[in-house]
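what's the 3D shape of this:
(one chain, ligands or ions: 2)
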Amino acid sequence: MGMQQSQTAQIGFCCLVFCLLGCEPRSQSPLSLSSPSPLIPTPDSMSSSPHARLNLSLEPIAAAFYELRWNTQPEAYNYRLWLDDKPFKDNLVLPREVLDLTGYALGSHTLKLESINASKQVTAVGELAFEIQASMPSPTAYPTPSSHPNAYRPVLLPTPTPRPQVSPTPVVVVLPSPYQTPACDLAYYCDFERTTFNGKVFDDNYLPLKGVTVIAKSLSSNVPFNAETVTTDGTYTFNRAPSGVQVEITASKAGFATRKRVEVLRSNKQGDPNANRFDFGTDGGAATFSAVYNALSDKPEVVMVTPARNGSGVAFNTSFVLKFSEPMVKQTVENSLMISAFNRRKITVDADNRRVAGGTDTVIGNGTIFTNFLPGNSTPIWDATAFESSWNSDATEITLRFKEGKNLPSDRDSNLVPDYNVSFHGLDINKRFIQDASGVIRNDKFFKLTDGDFEESYKFSIKSDEVKPTLTQMTPDPQSPHGGGFILHYSEPMILETLGVNIAGGMSDTPTAFIHAPAGYPGAVYSTAAKAAENYHLLVKDALGQTRFEGSWAQLGGRVEYLSRDASRKSVRLTLPPFAGTATDPDVQTRLTQLLSRGHTLSEGVVPSLFEIGERLTFRVEAGVMDPAGNTVDSARNNVGLTLNG
Ligand SMILES: [Ca+2]
Ligand SMILES: [Ca+2]
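Ligands and ions are numbered 1, 2, ... in the order given. Below you'll find the predicted structure:
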């Protein structure tokens, strides 16, 4: 009885406000979507109709976006929304809707919502008056009362002239209104219409799959619903499920990939058997009730990855994690894994590349994710042998950490950093498959990382490397003691020997590229070990501090190579070749002069000892030498020294 009185009072007030709004001239502002017709209540919202209330509320979300909420009607087939008496949105299903009020005129507006039942009758209405205000109102924006012909509610009226200062982000103020009634009681709010839904589960051979556990769960906290069933002939059915809210349906079976879909159930008054049909996969025919890729597959697949699919800003020494849908034969994963660069890049250390006729790019690729793993569309960089691999206890997840001396080639210039993909397109064409613990093989479409279709690979991008290398230490080469050779240690790997290309300073191999080379580039014509020796300046002083030699390692006839036995690739080896009595090279002549001035005995084919116990040797690397990312050596930390002792 009390409710009936309240409703009557409310609707009476409604009409009054409708009349006030409807009798006033509409805004002529160019910002306004003005309606030329006065707002005339429809019969459904008239006081004669004992409609239920929809209790509208409007909440800001962002900028001019607002969420309209109402209380769900048990009879509702859908909802229809009016703005300022014009049809605004139709076929709304959820008891909420996002409204974009961008561009609507400042001033008063009304929203009206109708609940429509299956017979297309209005069963409930809600009204809400609100006002759009500029977020920084101008004092001139409002008309004075005398300028307006209607003095009833001057503050609420839109100005008849265009406003000079309208904020791009209007603020909505919901007017205190009798339309807003206190929240309904919980029982009323939560009484959703119940309906039935069903579906079929197929495997990826298009056959119905038995023994699949199907779990349905409401995603609305207002409307709890949890149910579970197991398919016998590939079909499932749930009764008394709530319509109009999101329901998550999960289908799983041991050894098979789990699939999930989220649906809003229709109330289905007509009893259409396919109104709420949600299949997983298809019978091979039309994909009416499910996409083909939603079938449950016995083949293993990758379901989660690190770095993330399409991830950016990834570290160039990132670890990789691949999670599979089921336990795996580990070796098949490690045999076929491949990390490739897949877009064209001529990186800094490879500028003016002469290694290849025409000066091609350092890494190649077509950049297209669908085919970027294929030969010619990518450059192989690392396979699993570049990593320390570890598996979780049930062999569903592998973690790969880079071994020392290996990382993803980057660049100091962010525009030149290659992008990478992960695929199972290993170099060995006989090992391009993965196998689950029960022996089922997958040899294509390995990745299911989205709600959409499978993919052959996934991609990510890495950070630029702007850290300069430094010289950290110098040691005698134990394989050629006392002046035959030294090892200089850098702060980071100075060559990346990837599967596709060796990446290091000097690799472009032009006649002048050697100035960037920490050591001779493998196979170089110009950036040789002898030319790299020009990049190492040596100062020798005796125990009394007298300079005995100052010049480049090249002047002593020396060479510089990457130290092959050092997996970290952080060190280079400075060597002297055996004495050749017939040498005519002027640098070697210089060296001979040095040696002879010290009274050394020279023997054909023997590496002479060039330095003496007690001498202090200091090497400085020249400024042009680069790390694989093209950073030149830090000039503050570019030299190392050693005093020779017995
Ligand atoms: Ca399986
Ligand atoms: Ca670096």
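
And the residue lying closest to residue 444 once chain neighbours are set aside, how far from residue 445?
Computed as C-beta to C-beta, 6 or more residues apart in numbering, the closest residue to residue 444 that is not its neighbour in sequence is residue 456, at 6.6 Å. All C-beta atoms are positioned from the backbone trio N, CA, C, and that covers glycine. Between residue 456 and residue 445 the computed distance is 6 Å (C-beta to C-beta, to the nearest Å).

pLDDT value on the closest residue to residue 437 other than its chain neighbours, please?
In space, and not counting its chain neighbours, residue 437 is closest to residue 327: 4.1 Å by C-beta to C-beta, 6+ apart. You'll see residue 327 listed with a pLDDT of 97.

hmm, back to that, count the neighbours of the residue nearest to residue 444 for me.
For residue 456, the count of nearby residues is 18 (other C-beta atoms under 10 Å).

same thing with residue 352?
By other C-beta under 10 Å, 11 other residues sit near residue 352.

Please apply the same query to the one 4 residues further on.
By the measure other C-beta under 10 Å, the count of residues near residue 356 is 11.

is it fair to say it lies in a helix?
No - remark: residue 356 does not belong to a helix; assigned using DSSP: H, G, I helix; E, B strand; the rest coil, it is coil.

Could you measure from it over to ligand 2?
Here residue 356 is placed at a distance of 25 Å from ligand 2 (C-beta to the ion, to the nearest Å).

Mind pulling the model confidence for residue 547?
Listed pLDDT for residue 547 reads 89.

Quick check: it touching residue 541?
Yes - in terms of C-beta atoms under 8 Å, residue 547 counts as a neighbour of residue 541; the distance is 5.5 Å.

The two: who's more crowded?
residue 541 (18 against 9).

Pull up the gap between the nearest residue to the more buried one once chain neighbours are set aside and residue 377, please.
Nearest non-adjacent residue to residue 541, counting by C-beta to C-beta, 6+ apart: residue 616, 4.7 Å away. Look at residue 616 and residue 377: by C-beta to C-beta, they are 55 Å apart.

In the stretch 51-200 of the chain, what residue comes closest to ligand 1?
Ligand 1 sits closest to residue 200 of the stretch 51-200 of the chain, with a gap of 20.2 Å, by C-beta to the ion.

The stretch 501-646 of the chain against ligand 2: which residues are in contact?
Listed as neighbours of ligand 2 in the stretch 501-646 of the chain under the rule C-beta under 5 Å from the ion: 627, 629, 631.

secondary structure class for residue 335?
helix.

Excluding chain neighbours, what is closest to it?
residue 431 (4.0 Å).

How about residue 359: what's its closest non-neighbour residue?
Closest to residue 359 by C-beta to C-beta, 6+ apart is residue 353, at 4.8 Å.

In which helix or strand does the one you found reside?
Assigned by DSSP states H and E, residue 353 belongs to no helix or strand.

Can you pull out the low-pLDDT segments for the stretch 501-646 of the chain?
579-609, 646 (pLDDT under 70).

For residue 355, see how far away the residue in it that ligand 2 sits nearest to is.
Here the residue of the stretch 501-646 of the chain nearest ligand 2 is residue 627; by C-beta to the ion that distance is 4.2 Å. Distance from residue 627 to residue 355, counting by C-beta to C-beta: 19 Å.

Who has more neighbours out of those two?
residue 627 (29 against 20).

Touching, the more buried one and residue 505? I think so.
Yes - under the criterion of C-beta under 8 Å, residue 627 makes contact with residue 505 at 7.0 Å.

Give me the common contacts of those two.
With contacts defined as C-beta atoms under 8 Å, 6 or more residues apart in numbering, the residues shared by residue 627 and residue 505 are 494, 518.

Alright, that wraps it up for me.
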